[in-house]
Structures are given as C-alpha cells and as structure tokens.
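**Student:** attaching a predicted model along with its sequence, questions to come.
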Amino acid sequence: MDRLLQMSVVALGATLASTASADMVKVADTIDDFASVQGQDNWSYGWYAGSDVGLTGGAGSLDTNNFQEFGHYDSGIGWWTHDDASASSGSGATPFFLTVITSQFMHANAPIAGSDVDGQSRWASRRWSSEVAGDIQITGQIAKVDQGPLLGDGAEAYVIVDGAVAYHYALGADDYAGTSFDLTVNVGEGSLIEFVLGGNASGLNDAALFTAKIDGTVPAPGAVALLGMGGLLVGRRRR
C-alpha cells in the first residue's frame, strides 16, 4: 500500500505541475477595463507633480508614494482629470490643468504661453495593481494623436514597474505612426504597473494614444481541487 500511495503522490505531483503551468491569459486591459470608479478592476487614474518625477531620457526612477488620484470624472466626455474646471476653459475657472486620461488617450500638463493653462508640470499616470505573481507580458501602442498646424513638442512615455523604468519612448511632435511595445517583467501580487506620460516644455497639442494589454499566468481551474486531493493523500499516509 505504501508503494502504491507513493506512486499515486508522484503521479499527482506531475499532474499538478502540468495543470498549474497554464498558458498566459489576459489579466488586464487599459481599454476594456477603463472605468469611472477609482480602483475598479485594480485600476487607478492620477498624476505626479513634475517636481516629484525623477525620470529623464529613459533613466531614473519614480517614487510611487507620490501618486495622486484624480478627483473628477467627466461622464459626458469620458475622461479623468483634476476637477470640473480642468482640461477645458469652458467653465471660466482659471488657471486650469490639461492632465487627462481616457480609455485610450493621455495628456500631461505643461505650460502654454499666453493661455490660462496652469504652468505646473503634471504627469498623467494610469496605474494597475497586479493580481498575479510571476512573469507578465505587457504589450501596447504609443502614438501622437493631436494633428494640425499647431503641433506640440512631443511627450515622454514610460512603463514603470514598482517605481523602476521597464520601458521608455520619446514621442515626437509629429510622430503619428508611433510605436508598439512588447516586454516581459516579473512581478509579485500587489506590484504596481504604471503607464506614465509626461510633457516637455509646452503642453500644446500633445495628446497621445497610450494603450496596453497585460497577460499573466493564473492557476488552471482544476489546480485548486488537485491540491486538495494531494492534502487528503498526505493525510491518509500519515494516519
């Protein structure tokens, strides 16, 4: 019986390993998961003061404790921003900020000479708190959106994992083709993955497409049940 039990446990262990090592599946998506509620599906929408951002040309780091959530969601337009005066001069309140996050686009705040835009630099950040541990694959796109004769001066796009730079792209003023990115990083449950967009000298017409999909490995449906069976077998052996 002991020999039979030993063989059963070995076989079960092999099955568990096979079952638990499932293929990667989508665990987060900047477009599909976009919501009007902070924290829904582990997503938060906010900003960093430019003075708190230690990122230059793809180097440096970000203190994630300085992240601040936006306080206003405009359901008519479908964007997160600071308040009902921001992102538009329509309310008559000045100065206002241009920091914005939508399901697909982002815009940072930077000064615009001769306008009512606030001169403070504010970087937009779309943040996801990981529900999985291990390797994750992050794929996405970055491209300039605003077109026309009044070009901005581009933006700086970063993928930040727990404060460290995982990817950087310098977005040119007329870079409408943009780029796609594909990276694999190792995370723990609760790790912070952020998609951060910062402006340059001017905040004029620098809205950017910045989307991403995150794939990770989750236990297969039968893995938990098999783990329970393994515990029962060990329990029987000890008795």
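**Tutor:** Thanks, I have the structure now. Quick caveat, the model's predicted, so the values are computed rather than measured.
**Student:** so G203 makes contact with V117?
**Tutor:** Yes: judged on CB atoms under 8 Å, G203 makes contact with V117 at a distance of 5.9 Å. All C-beta atoms are positioned from the backbone trio N, CA, C, and that covers glycine.
**Student:** shared neighbours, the two?
**Tutor:** Listed as contacting both G203 and V117 by CB atoms under 8 Å, 6 or more residues apart in numbering are L98, N109, P111.
**Student:** mind listing what's buried in the top strand by length along the chain?
**Tutor:** Secondary structure of the chain per DSSP state E: the longest strand is strand 134-144. By neighbour count with 16 or more other CB atoms under 10 Å, strand 134-144 contains the buried residues I136, Q137, I138, G140, I142, A143, K144.
**Student:** how far off centre is that strand?
**Tutor:** Centroid separation between strand 134-144 and its chain, computed with CA atoms, centre = their mean, to the nearest Å, is 9 Å.
**Student:** who are the packing partners of that strand?
**Tutor:** Counting by 3 or more CB pairs under 8 Å, 6 or more residues apart in numbering; DSSP states H and E, the packing neighbours recorded for strand 134-144 are strand 155-161, strand 164-171, strand 179-187, strand 192-199, strand 208-216.
**Student:** between G203 and V117, which is the more surrounded one?
**Tutor:** Neighbours were tallied for G203 and for V117 using other CB atoms under 10 Å; the higher tally belongs to G203 (25 against 22).
**Student:** for the protein, which segments count as helices?
**Tutor:** In chain order, the chain shows helices spanning 2-20, 223-238, with DSSP state H as the criterion.
**Student:** quick one on the thing from earlier: of the helices and strands packed on strand 134-144, give the one that comes closest to S44.
**Tutor:** Distances from S44 to each of the helices and strands packed on strand 134-144 were compared using CB to CB; the minimum, 9.1 Å, belongs to strand 192-199.
**Student:** remind me which residues of this structure are low pLDDT?
**Tutor:** Along the chain, the parts satisfying pLDDT under 70 run over 1-22, 89-92, 149, 220-239.
**Student:** please consider this matter closed, and thank you.
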